[in-house]
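K.L.:
Please work out how this folds:
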Amino acid sequence: MASVDGERRVHLVGTIPAESTSVALELIGATVGDRITDWLPDGETGSRRNWIGRLIENLRSHPDLKVVRDGDWSDYETTPGFRVRKGHAFDYVELDYYEHFVASWPLFKEARSEMSHPEMAFQVGIPGPIDVSFAAFGFNPVLGLRHSRPFEDATVVEIARIHGVAGDEVVYQLELPIEVEIVNRIPKPVRGVVAKQLARRILRVIRRSPPGTRWGFHLCVGDMNNKAFSRLEDAGTLVMLANALLAEFPAGRTLEFLHIPLAHGSEPPTAESGFYAPLAELKIHPDVRLIAGFAHEAQSLDEQLKIRSLIESQVGRPVDIAASCGLGRRDMAAAELNLSLSRSLVT
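P.N.:
Residues are numbered from 1 along each chain as shown. The predicted structure follows:
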């Protein structure tokens, strides 16, 4: 079964290319509101549309960091890179997840009421601390890992603050492109070991979160300017990392969903069955929703239905439907088409 209710649902990864939270929520309600999952993002509009870009830009004023490579975010090679100033210690950073949550919380509750879905939770996107650190330090793996702890500490603080307001009415989506890319790049004989080590680092945020928090994993291949960061030869990398996360998920917290990306930015998903074959090895509990990120407006409904069949034949159950990443890097016409297609794919 796809979920505890047995029906396919539409999952929204996060961003919508709308001018405001209100417009994003109105669009979601009008297009997929009757078949959405039991959690809803606020559209992550404004400065969040380009994921962690605003977090990295905010580091320009950090007293312990200096810019050593500037960039305009036009591609993955032209992003700002920082280093710790000589004689300084980088041990503290501020994040803005609580700030954006508080601004959207009343609008979310209004949208939830209009959708007649009183049990719906607010989905809060939480970039992985390693991911933010890698981006901050110019995608240098040594520095990214070395300096990730301040981002982890700040993330835990933000989650605790949100939890203090909304408790279990929030589902935190942990977003993990860098970890996917690390596992994808290293030699295959050691991928399993590295995946387990990364999973333990990832899960520290969840272990340090308040008891009773609810979670989902968004494995990600990147989507800057609608271009993928990782290139997957098949779904094996995703399955390996997912199984490592699922095997050691902390007690006292609830895992609601696993989202796996099966398209690469502007490139639609492949129809080659071999790409999906590793999904047969996914070790996911029946009560955890499995979300297949393959909805793509560049393909017809018939093409997408064939891909859905390929996926479900491997995992042995129906899947929920999503795009491979947030829709914020598309224009509104493409985003609306993607939402409409997603709605058709859950019937």
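
K.L.:
Neighbours of the residue lying closest to Arg54 once chain neighbours are set aside, how many?
P.N.:
Excluding the flanking residues, the one nearest Arg54 by Cβ to Cβ, 6 or more residues apart in numbering is Ser47, at 4.1 Å. (C-beta placed from N, C-alpha, C; glycine too.) Ser47 is flanked by 13 other residues according to other Cβ atoms under 10 Å.

K.L.:
And the helices in the stretch 51-200 of the chain, which stretches?
P.N.:
53-58, 97-114, 129-136, 141-146, 149-166, 177-185, 191-207 (DSSP state H, counting those that start in this stretch).

K.L.:
For the fourth one, which outside residues touch it?
P.N.:
Looking back up the chat, that one is helix 141-146. The contact list for helix 141-146, computed with Cβ atoms under 8 Å, 6 or more residues apart in numbering, reads Arg83, Ile130, Ser133, Phe134, Ala136, Phe137, Ile178, Ile182.

K.L.:
For this protein, which segments are assigned as strands?
P.N.:
39-40, 65-69, 81-84, 121-127, 170-176, 214-219, 254-261, 289-293, 320-322 (DSSP state E).

K.L.:
list the buried ones in the longest one?
P.N.:
Buried residues in strand 254-261, defined by neighbour count with 16 or more other Cβ atoms under 10 Å: Leu255, Glu256, Phe257, Leu258, His259, Ile260, Pro261.

K.L.:
Which residue comes closest to the fourth one once chain neighbours are left out?
P.N.:
To tie it back to what came earlier, the one meant is Leu258. That would be Phe217: by Cβ to Cβ, 6+ apart, it lies 5.1 Å from Leu258.

K.L.:
same check, this time on the fifth one
P.N.:
Using Cβ to Cβ, 6+ apart and skipping residues adjacent in sequence, the residue nearest His259 is Ile291, 4.2 Å away.

K.L.:
so who does the one you found touch?
P.N.:
If you count contacts by Cβ under 8 Å, 6+ apart, then Ile291 has His11, Thr37, Phe257, Leu258, His259, Ile260, Val319, Asp320, Ile321, Ala322 around it.

K.L.:
ok, 10 Å please
P.N.:
By Cβ atoms under 10 Å, 6 or more residues apart in numbering, the contact list for Ile291 reads 2-3, 8-13, 37, 216-218, 257-261, 319-322.

K.L.:
Tell me how many other residues crowd the closest residue to Thr15 other than its chain neighbours.
P.N.:
Nearest residue to Thr15, sequence neighbours excluded (Cβ to Cβ, 6+ apart): Gly328, at 2.7 Å. Using other Cβ under 10 Å, Gly328 is surrounded by 22 other residues.

K.L.:
isn't Gly328 right next to Pro17, touching?
P.N.:
Yes: Gly328 is in contact with Pro17 according to Cβ atoms under 10 Å; the separation is 5.4 Å.

K.L.:
which neighbours do those two share?
P.N.:
Contacts common to Gly328 and Pro17, judged by Cβ under 10 Å, 6+ apart, are Ala24, Gly43, Thr45, Arg49, Ala335.

K.L.:
Now for those, which sits with the most neighbours around it?
P.N.:
Counting by other Cβ under 10 Å, top hit in the shared contacts of Gly328 and Pro17: Gly43 with 31 neighbours.

K.L.:
What pLDDT is listed against that one?
P.N.:
Gly43 carries a pLDDT value of 97.

K.L.:
Enumerate every residue touching it.
P.N.:
12, 14-28, 49, 104, 107-108, 111, 326-328.
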